[in-house]
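1. What follows is a predicted structure for the sequence shown.
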Amino acid sequence: MKRICAVGAGFSGAVIARELAERGVPVLVVDERSHIAGNCHTERDADTGIMVHRYGPHIFHTADERVWSYVNRFTEMMPYTNRVKATVGGKVYSLPINLHTINQFFGKSMSPSEAQAFIEAQARTDIQDPQSFEEQGLRFVGDALYKAFFDGYTRKQWGVEPSKLPASILKRLPLRFNYDDNYFNHPYQGMPRDGYTAIVGKILDHEKIEVRLSCAFEDLDEEFEHVFYSGPLDRYFKYDLGRLRYRTLDFEEIRASGDFQGTAVMNYPDPGVPFTRISEHKHFAPWEAQSFEKTIAFREYSRACEPGDTPYYPIRLLDDKVLLEAYEDRAAQEKGVTFVGRLGTYQYLDMDVTIGRALDVMESFLS
Ligand SMILES: Cc1cc2nc3c(=O)[nH]c(=O)nc-3n(C[C@H](O)[C@H](O)[C@H](O)COP(=O)(O)OP(=O)(O)OC[C@H]3O[C@@H](n4cnc5c(N)ncnc54)[C@H](O)[C@@H]3O)c2cc1C
């Protein structure tokens, strides 16, 4: 019996391989990196002992009970609530924009209803049907808050004028008239005690699964019953129709003793600051953070992804969507291959969505 191949040892490839293996199907999981877990890879830093998220900070949050119980099969999830701060004009504010942010920013002590009326008076109600990110921001929070918290951050993150980005991006950002500073709204949130690589390792730990690292799919010389491909969609087709555009990230390492910034994530929306945020990784593990004498943090810079860079965020503007549709047509005609995951479908997918989609794909494949 020919094996099935899962290209990529991230959550997509691992969950798919496990579902197959549990039904007795042999699977080869191949990844060109030297480690499993894809972009969610975590490892203990040799010098400090701190669990570092190598490709940027990852916080697990979901409303999907099926996915929550799936990850809990493979790890102990520790309590963690993501609370993000922002440094704007030399002052520190609470995010997402909540009553504390509004009162801090405007130097007031308003009640929820007073703040709501205040923000409504600031909001650009003349913009009836916001089309762009910029219009959506101005419509929702008015000029001052939009400029301080969204405009510069977005320019740095996407390298695009906010007036050229779709309004849909900002629809997802909450504005709260209470002091709730939990960044996420989902009922389940946590951090895996031993990091994400340990979860993926356990998912892949099955006698029917072979994992081959530092090996590109293109270099394999084996015939497969089927391929689940979580690599870049355009790469599969040798970029025949052109390259789908991504943003990539550069991480500048900071090492210090004690506590560098006192919190896990500090955003820097000011346009004059070249990076978007600093993440200090011991704070992602509050249950052990005090035990480390040293600390490690990363300044995060966003830029256009060039050939050879790690693709992070799909850009998905109009031109990209046209190209995506052309590749999707090619993908639909390709026999024996299913394109999955964030790169295979050219979509930003949180981990819970990635796992949920992989389970769905397997449900329909196996039925
Ligand atoms: C900066 C950043 C922060 C994030 N933070 C969060 C967060 O806080 N919470 C959250 O839920 N989600 C977060 N995410 C999303 C999360 O990273 C994704 O959900 C997850 O990585 C998707 O898993 P995947 O398996 O689809 O892809 P990946 O993790 O990218 O895995 C794909 C793997 O395929 C391999 N590969 C590709 N092509 C080939 C090939 N041809 N041959 C062999 N191997 C190949 C790659 O090396 C890679 O290891 C974040 C994403 C980014 C970019």
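-> The structure has been received and is ready for your questions. All values reported here derive from a predicted model rather than from experimental measurement.
2. Quick check: the gap between residue 365 and residue 227.
-> 12 Å (Cβ to Cβ, to the nearest Å). Quick note: C-beta positions are derived from backbone N, CA and C, even for glycine.
3. who has more neighbours, those two?
-> residue 227 (19 against 14; other Cβ atoms under 10 Å).
4. From the contact counts, what lies against the helix or strand that one falls within?
-> Assigned by DSSP states H and E, residue 227 belongs to strand 224-229. Strand 224-229 is packed against strand 3-7, helix 11-21, strand 337-339, with contacts defined by 3 or more Cβ pairs under 8 Å, 6 or more residues apart in numbering; DSSP states H and E.
5. for the first one, packing partners?
-> Strand 3-7 makes packing contacts with helix 11-21, strand 27-30, strand 224-229 when contacts are defined by 3+ Cβ pairs under 8 Å, 6+ apart.
6. The ligand: which of the ones you listed is closest?
-> For the ligand, the closest of the helices and strands packed on strand 3-7 is helix 11-21, at 3.4 Å, according to Cβ to the nearest ligand atom.
7. I would like the residues contacting that closest one, please.
-> Residues outside helix 11-21 that contact it (Cβ atoms under 8 Å, 6 or more residues apart in numbering): 4, 6-7, 27, 29, 31, 36-38, 40, 70, 200, 203-204, 206-209, 228, 230, 340-342, 344, 351, 354-355, 357-359, 361-362, 366.
8. at 7 Å instead, please
-> Residues outside helix 11-21 that contact it (Cβ atoms under 7 Å, 6 or more residues apart in numbering) are 4, 6-7, 27, 29, 38, 40, 200, 203-204, 206, 208-209, 228, 230, 340-341, 351, 354-355, 358-359, 361-362.
9. Name the residues of the stretch 1-150 of the chain found near the ligand, please.
-> Residues of the stretch 1-150 of the chain lying close to the ligand (Cβ under 6 Å from any ligand atom) are 7-13, 30-33, 38-40, 56-60.
10. residue boundaries of the strands in the stretch 51-200 of the chain?
-> Using DSSP state E, counting those that start in this stretch, the strands of the stretch 51-200 of the chain run over residues 51-53, 60-62, 77-79, 84-88, 91-94, 188-192.
11. ok, now the stretch 251-367 of the chain?
-> Using DSSP E, counting those that start in this stretch, strands in the stretch 251-367 of the chain cover 265-267, 277-280, 294-304, 313-314, 337-339.
12. give the contact list for residue 153.
-> Residue 153 sits next to 267, 269, 276 when contact means Cβ under 7 Å, 6+ apart.
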